[in-house]
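*Asks:* this is a predicted model, with the sequence first.
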Amino acid sequence: MKIDVEKLRAEIPATEEYAYLNHAVVSPLPRRVSEAVARFVADRGLEPRFYTRWQELEDMFRQAAARLIHAEPEEITFVHSTAEGLNAVAQSLPLAAGDNVVLCDVEYPANVYPWMNLASKGVETRIIPHREGGLSIEDLEEAVDDHTRVVTVSSVEFLTGFHNDLARIGTLCRERGIYFAVDAIQSLGMIPMDVRAYGIDFLAAGGYKWLMGPLGTGLLYVRQELIEQLRPVYVGASSVVGGKGFLDYDLTFQPDATRFKLGTINKAGMAGLLVATEFLMAVGIEAIEARTRHLTDVLIADLQRRGYEIASCLRPERRSAIVSFVVPDPQTACATLHEQGVIVAPREGYIRVAPHFYNTEAEVLRVGDVLGDAR
């Protein structure tokens, strides 16, 4: 499927003012997403039957999210951030003193602190050095042992853009009886995801980066076969099946991922994320991946020609739409780019560029045009 870039750019108001190349932080909202949120808020004030439509909206969201990652709707629940989803999983797993969790040393904190927080239970968080900006299968094989209960990884690393080999990690986890958790915020909407094919047990992702949804939105996937092993730490009226009425107290958890839903959630944000998800799936996730690969090809070739060192792994199978490169003073370089309307981010000593499907070749080339050749 070929993307009609010019037609789709009309959906993104930010293109009128900026070369926006910062989707690894937050995406600008497409018009239809902003309109969906506004419509939800307006309907709440005008529609007397509005309450009955909330559940319909939630059902539609779970169905769309399930299609996006090749799951079942019952395995999906709405969360407000990646960290919320990963905390829900970490705190509810049956882990005990002596168990360990293995992860890589370039993980974003949202996929580190929920596991480190288990230290009070005697659970060790085992952090292994990255290789080429991501998790090496060989290093992982050496790090896990008979007490490893969880391996957790980002589908795409926030700093380097390294696209971790989820299929091989999933195979290792299945063979050794280890839970496999994934932080997918840096890939959903940019790279196809198949939780079944990769053997993923748990996946969490905020919806405001590559999915182009509102802030305070996201999804949590829990493999249905594991749901009864998870006992939520935080519980609300929506977490339980309940009795015949509100005063018929019955702490029987929901039989699906909604056991992690406490109560009323950000339905306005959910309305926006639903529209954003459907929009991207209509464009085609495979087509988006191909388009962003082309744009980063153009960017990398130009930066290399100008003498910049690329920090991201350049092996084709490990690349994504995130490209980081070395400059002497990232903060100053970013400020210079921003002054010229080129929006990127400084990260850990690098400039990080993250184009999406609607960006153009001319926009990614503006990075080098503004900075000039490496000194």
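*Replies:* Sure, I can see it.
*Asks:* and for V37, nearest residue in space, chain neighbours not counted?
*Replies:* Closest residue to V37 apart from its sequence neighbours, by CB to CB, 6 or more residues apart in numbering: G272 at 4.3 Å. Quick note: C-beta positions are derived from backbone N, CA and C, even for glycine.
*Asks:* ok, now how distant is the one you found from L211?
*Replies:* 10 Å (CB to CB, to the nearest Å).
*Asks:* where do the contact lists of those two overlap?
*Replies:* The contact sets of G272 and L211 do not overlap (CB atoms under 8 Å, 6 or more residues apart in numbering).
*Asks:* residues in contact with the residue nearest to V37?
*Replies:* 29, 33-34, 36-37, 40, 213-214, 217.
*Asks:* distance of it relative to E17?
*Replies:* 21 Å.
*Asks:* what does R366 give?
*Replies:* Applying CB to CB to R366 and E17 gives a distance of 13 Å.
*Asks:* same drill for the two, tell me which one is more crowded.
*Replies:* A count of neighbours by other CB atoms under 10 Å puts R366 above the other of R366 and E17, at 20 against 10.
*Asks:* what about that one, which SS state?
*Replies:* Of the three states, R366 takes helix under DSSP: H, G, I helix; E, B strand; the rest coil.
*Asks:* pretty sure it contacts V344?
*Replies:* No. At 10.0 Å, R366 and V344 do not qualify as touching, with contact defined as CB atoms under 8 Å.
*Asks:* I'd guessed F357 sits against D4; true?
*Replies:* No. Taking CB under 8 Å as the definition, F357 is not a contact partner of D4, at 10.4 Å.
*Asks:* of those two, give the one with the bigger neighbour count.
*Replies:* Remark: of F357 and D4, F357 carries more neighbours, 27 against 11, as counted by other CB under 10 Å.
*Asks:* any idea how far that one is from F325?
*Replies:* For F357, the distance to F325 - CB to CB - is 21 Å.
*Asks:* for F158, same thing?
*Replies:* F158 is 15 Å from F325, by CB to CB.
*Asks:* list the helices and strands the strand of greatest length in the chain packs on?
*Replies:* Taking DSSP state E as the criterion, the chain has its longest strand at strand 148-154. On a contact count with 3 or more CB pairs under 8 Å, 6 or more residues apart in numbering; DSSP states H and E, strand 148-154 meets strand 100-104, helix 166-176, strand 179-183.
*Asks:* in the last one, what's buried?
*Replies:* For strand 179-183, the neighbour count (16 or more other CB atoms under 10 Å) marks 179-183 as buried.
*Asks:* what do you get for the second one?
*Replies:* Judged by neighbour count using 16+ other CB under 10 Å, the buried positions of helix 166-176 are 166, 169-170, 172-173.
*Asks:* do the same with stretch 64-84
*Replies:* Those would be 64-66, 68-69, 71-84, for stretch 64-84 by 16+ other CB under 10 Å.
*Asks:* from A66, how far out is the residue most central in space within the chain?
*Replies:* Closest to where the C-alpha atoms of the chain average out (CA atoms, centre = their mean) is I185, at 0.9 Å. I185 sits at a distance of 18 Å from A66 (criterion: CB to CB).
*Asks:* so where is the chain shaky, pLDDT-wise?
*Replies:* Counting by pLDDT under 70, the chain has low-confidence residues at 45-52, 243-244.
*Asks:* can you give me the helices in the stretch 201-350 of the chain?
*Replies:* Assigned by DSSP state H, counting those that start in this stretch, the stretch 201-350 of the chain shows helices spanning 267-283, 285-305, 330-339.
*Asks:* go ahead and list the helix or strand containing P114.
*Replies:* helix 113-116 (DSSP states H and E).
*Asks:* tell me what the next helix or strand after that helix is packed against?
*Replies:* For helix 113-116, the following helix or strand on the C-terminal side (DSSP H and E) is strand 124-128. Other helices and strands packing on strand 124-128, by 3+ CB pairs under 8 Å, 6+ apart, are strand 100-104, helix 137-143.
*Asks:* ok, which of those comes nearest P255?
*Replies:* When the helices and strands packed on strand 124-128 are ranked by distance to P255, counting by CB to CB, first place goes to strand 100-104 at 26.4 Å.
*Asks:* now that closest one, how far from the chain's geometric center?
*Replies:* Computed by CA atoms, centre = their mean, to the nearest Å, the chain-centroid distance of strand 100-104 equals 19 Å.
*Asks:* how near is I322 to V367?
*Replies:* To V367, I322 is 13 Å away according to CB to CB.
*Asks:* my bad, should have said T252
*Replies:* Taking CB to CB as the measure, T252 falls 55 Å from V367.
*Asks:* rewinding a little: what angle do the longest strand of the chain and strand 100-104 make?
*Replies:* Counting by axes from the mean of the first three to the mean of the last three CA atoms, to 10 degrees, strand 148-154 points 20 degrees away from the direction of strand 100-104.
*Asks:* pop the domain breakdown of this structure in here.
*Replies:* Under the assignment automatic domain parsing, the domains of the chain span 5-28+284-371, 33-281.
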